[in-house]
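>>> Got a sequence here, can you build the structure:
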Amino acid sequence: MASLVRAAVVVVPILMVAAISLGSSQMISDSSQDTQPAAEQATKSLLELLEEPQAEATPTRGKTPPPSADARVSALMVPDVPPQGESVNLPIRVALMSRLPINSLQTSPGMVCRVNNTGPRIKDQALLAMLQGERRGFVRCKGGTILINQVPYRHNIDFLLRDQGWMAVNELDLEQYVASVVGAEMPSGWNLEALKAQAVAARSYALAHLARPASRDFHLGDTTRWQVYGGDRSRSQRSRDATASTRGIVLIYKGGIVESLYAATSSISAEAHGHLGASMSQQGAQQLAQNGLQFNEILGNYYRGASLARLQHDGG
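Presented below is the predicted three-dimensional model:
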């Protein structure tokens, strides 16, 4: 579970970041070039991806949370769960900061790595030698699994040479990313409603960074500076279940995406995020879930006044 301070922005206004690029294979280029190629696919407005939310959160239906160390409230605002909709696939790019420096790698038979995404296939030994040198370039690996410092990752992996040296960026679907974050941030044996609340918080935090990327190369990193992402290693059946049952659901507030901060305990949450006004205690979420609260009630307890919306296609 994460306990360090994350970014200090709680709500990212939608109008401030009106479009997200869904084309990503041309998102980055050789660092020797000074331009960033335009994405091939059309951008989509965040407003088009969000269902019309409820005007206001509605009061709890006769249910109040049991007294606890993490939550003592007289009235709980419970945001309605949006109805099911068509699935939306959004790619997210995660910098594998925790894997620096890259000392070992091993690809599965199906994983193909090519320099500049177009050259001949490069074998593991040659790729590792390249990453331990200073030769400028860009390598994309796709089609299988790769072990980077003994940790498995799937989907696309880009290796980039930047000022701090070679780094790896994992590009994958947002929902696959969320399932890994849930498993890394909470014990998979915890109550499913707590895991579902974590999934929504992780998805909202990620969406804020899709709208406001950390750099031109990636949206966010994989450490507690952002939220912990462990690749395949931190996905479990329960983290997948929590993600699937809340698919596409995010927190919004007054026209903005909630950058849903959270920490391991209420004391850490208060110390790190208290001045920002909204932060979830992970242990508190577990306690509330054990006391019978559903994930939307847990989220309403910590992110008061926020609504739940679901990413959806605009039907165009």
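>>> What part of this structure, helix or strand, is modelled with the least confidence?
strand 19-20 (a mean of 30; mean pLDDT, DSSP states H and E).
>>> Report the mean confidence score over stretch 126-138.
Stretch 126-138 shows an average pLDDT of 87 in the prediction.
>>> For that stretch, list every residue counted as buried.
Within stretch 126-138, the residues that count as buried by 16 or more other CB atoms under 10 Å are 127, 128, 130, 131, 137, 138. To be clear about C-beta, it is placed using only N, CA and C from the backbone, and glycine gets the same treatment.
>>> what about the stretch 51-200 of the chain, any weak spots by pLDDT?
Applying pLDDT under 70 to the stretch 51-200 of the chain picks out residues 51-76.
>>> Would you map the strands across it?
For the stretch 51-200 of the chain, the strands defined by DSSP state E, counting those that start in this stretch occupy 58-59, 77-78, 91-95, 105-107, 112-115, 138-142, 145-148, 151-154, 156-162, 165-173.
>>> what residue lies at the spatial centre of the protein?
residue 206 (3.6 Å; CA atoms, centre = their mean).
>>> mind checking how far residue 256 is from residue 250?
Counting by CB to CB, to the nearest Å, the separation of residue 256 from residue 250 is 11 Å.
>>> more neighbours, these two?
residue 250 (29 against 21; other CB atoms under 10 Å).
>>> Quickly list what that one is bridged to.
In this entry, residue 250 is beta-bridged to residue 309, by DSSP bridges.
>>> What segments of the stretch 201-316 of the chain are strands?
220-221, 249-253, 256-258, 262-263, 280-281, 307-310.
>>> Just tell me which of those strands ends up closest to residue 287.
Ranking these by proximity to residue 287 (CB to CB) places strand 280-281 first, at 8.6 Å.
>>> List the contacts of that closest one.
70, 197, 201, 260-266, 268-269, 298-299, 302-303 (CB atoms under 8 Å, 6 or more residues apart in numbering).
>>> pLDDT on it, on average?
Mean pLDDT, strand 280-281: 92.
>>> Please state the offset of it from the chain centre?
Relative to the centre of its chain, strand 280-281 is centred 17 Å away, using CA atoms, centre = their mean, to the nearest Å.
>>> May I have the strands that pair with that strand, each with its orientation?
strand 262-263 (parallel).
>>> Select the longest helix from this structure.
Longest helix in the chain, counting residues (DSSP state H): helix 192-211.
>>> can you give me the angle that helix makes with strand 249-253?
Inter-element angle recorded for helix 192-211 and strand 249-253: 70 degrees (by axes from the mean of the first three to the mean of the last three CA atoms, to 10 degrees).
>>> that older thread, relative to residue 210, tell me which of the strands of the stretch 51-200 of the chain wins on proximity.
Residue 210 sits nearest to strand 91-95 of all those, at 6.1 Å, using CB to CB.
>>> for that closest one, which positions count as buried?
91, 92, 93, 94, 95.
>>> what's the answer for stretch 247-266, then?
Neighbour-count burial for stretch 247-266 [16+ other CB under 10 Å]: 247-253, 256-266.
>>> And that stretch, how far out from the chain middle?
11 Å.
>>> CA atoms only: put that stretch into CSV for me.
In CSV, the C-alpha atoms belonging to stretch 247-266 read as follows (Å, rounded to 0.1, in the frame of the first residue of the first chain):
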residue,chain,number,x,y,z
ARG,A,247,-15.4,-0.8,-15.5
GLY,A,248,-15.1,2.8,-16.7
ILE,A,249,-16.5,4.4,-13.5
VAL,A,250,-14.7,7.5,-12.4
LEU,A,251,-15.2,10.3,-9.9
ILE,A,252,-16.1,13.8,-11.1
TYR,A,253,-16.8,17.1,-9.3
LYS,A,254,-18.1,20.3,-10.7
GLY,A,255,-17.0,19.7,-14.3
GLY,A,256,-13.7,18.2,-13.4
ILE,A,257,-12.0,14.8,-13.0
VAL,A,258,-11.2,14.0,-9.4
GLU,A,259,-7.5,13.2,-9.0
SER,A,260,-8.5,10.9,-6.2
LEU,A,261,-5.8,10.9,-3.7
TYR,A,262,-5.5,8.1,-1.1
ALA,A,263,-3.1,6.7,1.5
ALA,A,264,-2.7,3.6,3.6
THR,A,265,-4.3,5.0,6.8
SER,A,266,-6.4,8.0,8.0
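>>> Offset the numbering so it begins at 14, please.
Yes, from this point I'll number from 14; that puts the last item at stretch 260-279.
>>> and residue 132, how many neighbours?
11.
>>> should've said residue 201
18.
>>> how close does it get to residue 272?
25 Å.
>>> now swap in residue 252 and tell me
Taking CB to CB, one finds residue 252 at 21 Å from residue 272.
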